[in-house]
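> Got a predicted structure plus its sequence, pasted below:
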Amino acid sequence: MKPNPHTTKNELLKAYPAKTARKRADQIVVNERRADGAVPEIRANVRTTPGAITQRGCTYAGCKGVVIGPTRDILSITHGPIGCGFYSWLTRRNQTRPEGPDDANYITYCLSTDMQDEQIVFGGEKKLRAAIEEAYAIFHPKAIAIFSTCPVGLIGDDVHSVARDMKEKLGINVFGFSCEGYKGVSQSAGHHIANNQLFKHVVGTNETPRPEKFKINMLGEYNIGGDAFVIEDLLERCGITLVSTFSGNSTYDAFANSHMADLNAVMCHRSINYVAEMMEKKFGIPWIKVNFVGAEGTAKSLRHIAQYFGDAELTERVESVISEEMTAVLETQFEVRSRCEGKTAMLFVGGSRAHHYQTLFAEMGMKTVAAGYEFAHRDDYEGRRVLPSVKVDADSRNIEELQVVADETRYMPRRGPDELVQLQAGGVEISGYQGMMPEMEEGTLVIDDIYHFEMERLLEIYKPDIFCAGVKEKYAVQKAGIPCKQLHSYDYGGPYAGFRGAINFYNEIDRMVNTKIWSYARAPWEAEEELEQEAIAS
Ligand code: CFM
């Protein structure tokens with residue numbers, strides 16, 4: 001029998017003290033349209049209840065690990081105790097491909113100022129300066145980024161003034177991030193801080209003109225498991241020029257030159273919508289939401305880019321690439337559907353994939369019964385139409401909001417207001433994102449910042465055929481006899497983007513939900529119960 005979402009919600013809440021239950025009730029939502037057709041409101045981007053086991057990471061992780069980390073030729077230095085650097089070293093599977101053997105790639109390195117008690121007491125700026133000089137002497141990078149960890153903010157080290165001094169002294173771009181771990185309620189604050197500094201210190205600093213016809217930036221694609229490589233290949237075959245990607249397989253120069261593009265295609269809305277918005281204001285570059293996860297989403301995204309440029313030849317090339325790829329996609333879809341149709345999935349990851357990956361499951365005939373983000377905001381759930389009504393609390397106010405105005409000489413609207421209206425009428429939404437909930441079925445459960453206890457109860461009540469999360473959840477899920485697919489790192493798999501990626505995903509999930517291995521797994525206590533029952537029966 002299908003579990004009742006309302007009963008399930010009560011089941012989760014009843015374990016909590018009254019005050020916690022009241023707050024949690026607004027973050028655990030049954031997705032039922034209201035009379036006006038809108039999805040219900042959800043509470044999001046708020047502090048985790050102390051004591052709860054959350055999936056979340058810290059602000060430093062969102063800044064250094066997520067947004068800047070994938071760039072291969074910015075030398076990243078963590079200013080802080082060694083653990084912060086060590087635990088953010090090579091943990092995200094963001095791949096990169098330097099053009100030649102002599103091109104810089106610092107991704108494999110872990111640089112830290114290794115703060116000790118002495119710096120905590122007497123200040124760490126001196127050690128930071130020395131670290132920057134030492135790093136410069138070894139690597140001679142184009143740019144150095146300094147990332148603040150919790151103690152930096154607590155003791156008041158000024159990383160920005162050190163950056164300014166060193167920039168002058170070394171003659172390269174040096175910039176700092178006030179991304180102390182505690183700065184926000186999650187890594188989401190780190191994304192915003194990273195966006196701001198990239199925009200302030202890098203974007204628009206390289207004026208080399210780009211002669212190509214169809215130039216775009218891909219925002220919010222981080223090349224996990226090689227996803228960006230698949231998308232790059234597709235765009236190239238279509239004749240679309242990728243000026244820069246923020247920040248999968250990216251370089252410093254491409255960021256600096258990114259204002260030469262004529263369109264920003266936003267993949268992960270949560271982590272990078274700020275850059276899209278700011279580039280629109282300063283340079284006049286419109287943005288559209290794309291989704292290269294899932295064959296249908298990929299085809300739609302390519303078509304929207306072609307529509308934006310409105311060029312017959314480009315449209316033709318896009319259509320021929322789509323049809324070339326779709327044959328194999330449909331073949332595999334047909335094959336896996338015979339074994340996967342009707343199976344259920346739950347997705348609980350960061351800020352975008354819990355939405356994007358539902359489309360891949362749908363293409364396999366599988367149903368998403370519950371989903372949620374670790375740290376996304378209301379607009380990622382309900383759509384950007386709720387933005388004016390999002391309450392700005394003290395935690396959000398803690399993050400700088402850049403005041404961006406049109407650049408005096410470089411602001412050039414790429415499309416006139418009439419053209420934008422026309423595109424919109426043709427189905428290409430400009431500066432829009434509808435969010436996850438409108439695309440989910442009635443009666444599904446949407447849970448923000450899911451707590452570990454809730455996850456375990458959900459597994460017991462729903463017994464989904466697959467649970468998607470990260471490594472912190474993986475083994476707890478598998479102990480419950482349910483396969484767990486990591487949607488952060490893809491385990492050791494991928495790529496899953498584009499058409500080729502979709503085929504990989506279908507095959508991987510088919511294998512995982514149809515293996516018999518889980519039915520052989522018995523916990524010791526279950527085996528004891530069975531023996532007892534057998535004894536009673538005989
Ligand atoms: Fe965007 Fe991401 Fe995600 Fe994210 Fe992340 Fe990630 Fe993620 Mo892990 S940028 S919000 S902070 S799509 S690292 S590549 S998988 S939680 S859903």
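That came through fine.
> Now do the same contact list for the residue in the stretch 201-350 of the chain that the ligand sits nearest to.
Nearest residue of the stretch 201-350 of the chain to the ligand: G350, at 2.3 Å (C-beta to the nearest ligand atom). C-beta coordinates here come from the backbone N, C-alpha and C atoms, glycine included. Counting by C-beta atoms under 8 Å, 6 or more residues apart in numbering, G350 touches 187, 270, 373-376, 488.
> For M267, see how far away it is.
13 Å (C-beta to C-beta, to the nearest Å).
> Check P286 too.
Remark: distance between P286 and M267 (C-beta to C-beta) = 16 Å.
> So those two - more neighbours on which side?
Taking neighbours as other C-beta atoms under 10 Å, P286 and M267 compare with M267 leading, 27 against 20.
> give me phi/psi at that one?
Backbone geometry at M267, expressed as degrees, to the nearest 10, gives phi -90, psi -70.
> Please apply the same query to A535.
Dihedral angles (degrees, to the nearest 10) for A535: phi -60, psi -40.
> What of A394?
The phi/psi pair for A394 (degrees, to the nearest 10) reads phi -60, psi -40.
> quick one on the thing from earlier: which one among the contacts of G350 gets closest to the ligand?
Among those, H488 lies closest to the ligand (C-beta to the nearest ligand atom), at 3.5 Å.
> Count the neighbours of the closest one for me.
Neighbour count for H488, taken as other C-beta under 10 Å: 19.
> ok, for it, nearest residue in space, not its chain neighbours?
Nearest non-adjacent residue to H488, counting by C-beta to C-beta, 6 or more residues apart in numbering: G470, 4.5 Å away.
> Thought L487 was touching that neighbour, still the case?
Yes. G470 is within contact range of L487, at 7.4 Å (criterion: C-beta atoms under 8 Å).
> between the two, what contacts are shared?
Both G470 and L487 are in contact with V349, where contact means C-beta under 8 Å, 6+ apart.
> Strands of the stretch 151-300 of the chain, start to end?
173-177, 215-221, 241-247, 263-266, 287-289 (DSSP state E, counting those that start in this stretch).
> pLDDT of the last one, averaged?
Spelled out, it's strand 287-289. The average pLDDT for strand 287-289 rounds to 98.
> for K289, what are its contacts?
266, 269, 429, 432-433.
> Pull out the buried residues from these.
266, 269, 433 (16 or more other C-beta atoms under 10 Å).
> could these go into a markdown table alongside pLDDT and distance to the ligand?
Output for the buried ones among the contacts of K289, formatted as a markdown table (pLDDT from 0 to 100; distance: C-beta to the nearest ligand atom, whole Å):
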| residue | pLDDT | distance to the ligand |
| --- | --- | --- |
| V266 | 98 | 10 |
| H269 | 98 | 8 |
| Y433 | 98 | 13 |
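> what's the nearest residue to S250 if we skip its chain neighbours?
Among residues not flanking S250 along the chain, T71 sits closest, at 4.7 Å (C-beta to C-beta, 6+ apart).
> for that neighbour, what are its contacts?
Applying C-beta under 8 Å, 6+ apart, the residues contacting T71 are 247, 250-252, 255.
> Looking at those, which are in helices?
Among those, the residues falling in helices (DSSP state H) are 252, 255.
> Take the contacts of T71 and write them to TSV, including distance to the ligand and neighbour count.
Shown next, in TSV, are the contacts of T71 (distance: C-beta to the nearest ligand atom, whole Å; neighbours: other C-beta atoms under 10 Å):
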residue	distance to the ligand	neighbour count
S247	9	31
S250	13	26
T251	19	22
Y252	19	23
F255	16	28
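> which one of the contacts of T71 sits closest to V369?
S247 (33.2 Å; C-beta to C-beta).
> low pLDDT regions in the protein?
Across the chain, nothing is flagged by pLDDT under 70.
> Contact residues of it facing the ligand?
Residues of the chain lying close to the ligand by C-beta under 6 Å from any ligand atom are 62, 66, 92, 187, 220, 222, 224, 268, 270-271, 349-353, 488.
> In helices, which of these fall?
Taking DSSP H, the ones among the residues of the chain next to the ligand that sit in helices are 270-271, 353.
> Correct me if wrong, but L445 is in a helix.
No. In this structure, L445 is strand, not part of a helix, as judged by DSSP: H, G, I helix; E, B strand; the rest coil.
> check contacts around it.
5, 8-9, 28-31, 369-371, 458.
> ok so, going back, could you report the distance from the residue nearest to S250 to Y16?
T71 sits 42 Å away from Y16, taking C-beta to C-beta as the criterion.
> With Y274 instead?
From Y274 to Y16 the distance is 34 Å (C-beta to C-beta).
> higher neighbour count, the two?
Y274 (21 against 18).
> Go ahead and confirm the more buried one touches H192.
Yes. Between Y274 and H192 there is a contact under C-beta under 8 Å: 5.7 Å.
> list the contacts for G493?
Contact analysis of G493 by C-beta under 8 Å, 6+ apart lists 225, 504, 508.
> May I see those organised as JSON lines, with distance to V174 and neighbour count added?
Formatted as JSON lines, those follow (distance: C-beta to C-beta, whole Å; neighbours: other C-beta atoms under 10 Å):
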{"residue": "G225", "distance to V174": "31", "neighbour count": "22"}
{"residue": "N504", "distance to V174": "40", "neighbour count": "21"}
{"residue": "E508", "distance to V174": "42", "neighbour count": "17"}
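> which one of the residues you listed is nearest E408?
G225 (42.3 Å).
> Going by residue numbers, what spans are strands in this protein?
Under the criterion DSSP state E, strands of the chain are mapped to 28-31, 74-79, 111-112, 143-148, 173-177, 215-221, 241-247, 263-266, 287-289, 344-349, 367-373, 444-447, 466-469, 484-486.
> nearest to E99, of those strands?
E99 lies closest to strand 241-247 among those, at 13.8 Å (C-beta to C-beta).
> which neighbours do Y274 and H192 share?
Counting by C-beta under 8 Å, 6+ apart, nothing touches both Y274 and H192.
> The closest residue to D448 other than its chain neighbours: neighbour count?
Spatial nearest neighbour of D448, excluding adjacent residues (C-beta to C-beta, 6+ apart): Q27 at 4.1 Å. Neighbours of Q27 under the rule other C-beta under 10 Å: 19.
> Next, Q27: phi, psi?
Q27 adopts backbone torsions of phi -110, psi -10, taken as degrees, to the nearest 10.
> Was I right to think it contacts E41?
No. Counting by C-beta under 8 Å, Q27 does not reach E41; the two are 10.6 Å apart.
> Buried only: go through the contacts of G350 for me.
Of the members of the contacts of G350, the ones counted as buried by neighbours, 16+ other C-beta under 10 Å, are 187, 270, 373-376, 488.
> rewinding a little: ok, which pair from the contacts of T71 is furthest apart?
S247 and Y252 (10.2 Å).
> how about the strands of the stretch 151-300 of the chain in a markdown table, adding distance to Y109?
Converted to a markdown table, the strands of the stretch 151-300 of the chain look like this (distance: least, C-beta to C-beta, whole Å):
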| stretch | distance to Y109 |
| --- | --- |
| strand 173-177 | 17 |
| strand 215-221 | 23 |
| strand 241-247 | 17 |
| strand 263-266 | 30 |
| strand 287-289 | 33 |
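> So for E439, which of the ones you listed sits nearest?
Closest of the strands of the stretch 151-300 of the chain to E439 is strand 287-289, at 12.3 Å (criterion: C-beta to C-beta).
> The closest one - which strands sit beside it in the sheet, and in what orientation?
strand 263-266 (parallel) (DSSP bridges).
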